[in-house]
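Visitor: sequence plus the predicted model coming up.
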Amino acid sequence: MTDPRPAPEGGSVAGVLSGFAVIAIVIAVGYVIGRRGTLGEQGREVLTRLAFTLAGPALLFTTLAEADLSVLFSGRLLVTALSTAAVAGIFVAVGAPRRWGVGRTTIGALCSGYVNSGNLGIPIAAYVLGDASLVAPVLLFQVVLVTPVALTVLDLSGMGEKGPVWRRALTPLRNPIAVGSLSGVVVSAAGWKVPGPVLDPLTLIGDMSVPAALLAFGMSLHGSAFPGRGRDRQPVLLSVALKSLAQPLIAWALATTVLGMHGAPLLDVVVTSALPSAQNLFTYASRYQVAESLARDSVLLSTIASVPVLVGVAALLG
């Protein structure tokens, strides 16, 4: 049976390069801003807080409130979930005996399997796979399940709000990212329609999330050491290897041997699994002030490494 989707404009390889060009330019602008000190000493921190506490939750709410939650239950999502759990589990298994700490291990595990499904996944899905909506299951899985779980671990480990255990146990209900995600899920599941006067301002605010995160990431590159060195060298290299090589290989193996996928569905799951670590992981690390260099270096190196990987996947499976 042939794939009904239209052929991507410009070809799969061109689509990969086009998707990366978008985020590279914004990150470069952030680097220039950081180098020139345009936003002052607190500029990066302000952008990080903006993305974490306001724009990010607004984006997640507006996205999920109008999403089709039925896409969460599919074979493709099963492959994504299992490959994510596998690489995250490997990182934890390596980090625990080496006493990398709960915070560093949690951030490292996220960097190993949390893909850039938004600002990079959407354009690549559109240009390489021919349908931007194919990244929706991964996006929903990450924001509905992975993000709240990971941030709860950081909160309960003492990286977030201090206080009695019972009080910290309730922090997910006050975490902006979790609240935005879960609120959107409730609205979608209930079939409610958000009125335009409410949705439109939230959409406008949410549109700031991706550029704010990318600019903050670019600003963090100014004055930082060469990636992959220092005390975080081992966890950085491990997370990059797991993200760039292990996760797409595991996804391919699961898709072909367990679910018998081939053709377009196989290309879909391997491409989404080969996406690099998401930039918002650096936002989370900065917000909790833990493993910031690990997140920054992992995101940067996995993004660079994913270019030849995605080009190869598109050429072999496309």
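Guide: Cool, the structure landed.

Visitor: what's near enough to touch the residue nearest to residue 282 when sequence neighbours are not counted?
Guide: Closest residue to residue 282 apart from its sequence neighbours, by C-beta to C-beta, 6 or more residues apart in numbering: residue 295 at 4.4 Å. Any C-beta I mention is one placed from the backbone N, CA and C, and that applies to glycine too. By C-beta atoms under 8 Å, 6 or more residues apart in numbering, the contact list for residue 295 reads 107, 110, 111, 277, 281, 282, 284, 285, 286.

Visitor: can you map out the helices along the stretch 201-318 of the chain?
Guide: Taking DSSP state H, counting those that start in this stretch to define them, one finds helices in the stretch 201-318 of the chain at 209-221, 233-241, 247-257, 264-273, 280-288, 292-317.

Visitor: tell me which of those helices sits nearest to residue 136.
Guide: With C-beta to C-beta as the criterion, residue 136 lies closest to helix 264-273 of those, at 10.2 Å.

Visitor: average pLDDT for the closest one, rounded please.
Guide: On average, the pLDDT along helix 264-273 is 89.

Visitor: quick one: mean pLDDT over stretch 95-103.
Guide: On average, the pLDDT along stretch 95-103 is 91.

Visitor: show residues contacting it.
Guide: Against stretch 95-103 from outside (C-beta under 8 Å, 6+ apart): 104-105, 108-109, 153-154, 157, 159, 234-235, 288, 290-291.

Visitor: mind doing that once more with 6 Å?
Guide: Contacts with stretch 95-103, where a contact means C-beta atoms under 6 Å, 6 or more residues apart in numbering, come from 105, 157, 159, 235, 290, 291.

Visitor: send me that stretch as PDB with only the CA atoms.
Guide: C-alpha atoms of stretch 95-103 as PDB (Å, rounded to 0.1, in the frame of the first residue of the first chain):
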ATOM      1  CA  GLY A  95      24.700   7.700  36.700                       C
ATOM      2  CA  ALA A  96      23.400   6.200  39.900                       C
ATOM      3  CA  PRO A  97      26.500   4.200  40.800                       C
ATOM      4  CA  ARG A  98      28.700   7.100  39.800                       C
ATOM      5  CA  ARG A  99      26.800   9.400  42.200                       C
ATOM      6  CA  TRP A 100      26.000  12.100  39.700                       C
ATOM      7  CA  GLY A 101      23.200  13.200  41.900                       C
ATOM      8  CA  VAL A 102      19.400  13.200  41.500                       C
ATOM      9  CA  GLY A 103      19.300  16.600  39.700                       C
END
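
Visitor: for it, buried residues please.
Guide: Across stretch 95-103, burial judged by 16 or more other C-beta atoms under 10 Å covers 95, 100, 101, 102, 103.

Visitor: what about residue 23, how many residues nearby?
Guide: 21 (other C-beta atoms under 10 Å).

Visitor: what helix or strand is it located in?
Guide: According to DSSP states H and E, residue 23 maps onto helix 12-36.

Visitor: list the residues that contact the most centrally placed residue in the chain.
Guide: Centroid-nearest residue in the chain: residue 278, 3.2 Å away (criterion: C-alpha atoms, centre = their mean). Going by C-beta under 6 Å, 6+ apart, residue 278 touches 114, 116.

Visitor: which phi and psi does it have?
Guide: Note on residue 278: its backbone torsions stand at phi -80, psi 140 [degrees, to the nearest 10].

Visitor: so how far is residue 76 from it?
Guide: 19 Å (C-beta to C-beta, to the nearest Å).

Visitor: take the contacts of stretch 95-103 and keep only those in strands.
Guide: The members of these all map outside strands under DSSP state E.

Visitor: tabulate those residues (JSON lines), appending neighbour count and distance to residue 31.
Guide: Formatted as JSON lines, those follow (neighbours: other C-beta atoms under 10 Å; distance: C-beta to C-beta, whole Å):
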{"residue": "105", "neighbour count": "24", "distance to residue 31": "29"}
{"residue": "157", "neighbour count": "16", "distance to residue 31": "32"}
{"residue": "159", "neighbour count": "22", "distance to residue 31": "27"}
{"residue": "235", "neighbour count": "26", "distance to residue 31": "24"}
{"residue": "290", "neighbour count": "21", "distance to residue 31": "23"}
{"residue": "291", "neighbour count": "30", "distance to residue 31": "21"}
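
Visitor: so which one among these has the lowest pLDDT?
Guide: The pLDDT minimum for those sits at residue 159, where the score is 59.

Visitor: which helix or strand contains the closest residue to residue 246 other than its chain neighbours?
Guide: Nearest residue to residue 246 in three dimensions, chain neighbours excluded: residue 87, at 5.3 Å (C-beta to C-beta, 6+ apart). Residue 87 belongs to helix 75-95 when assigned by DSSP H and E.

Visitor: quick one, that helix and helix 233-241 angle?
Guide: Counting by axes from the mean of the first three to the mean of the last three C-alpha atoms, to 10 degrees, helix 75-95 lies at 160 degrees to helix 233-241.
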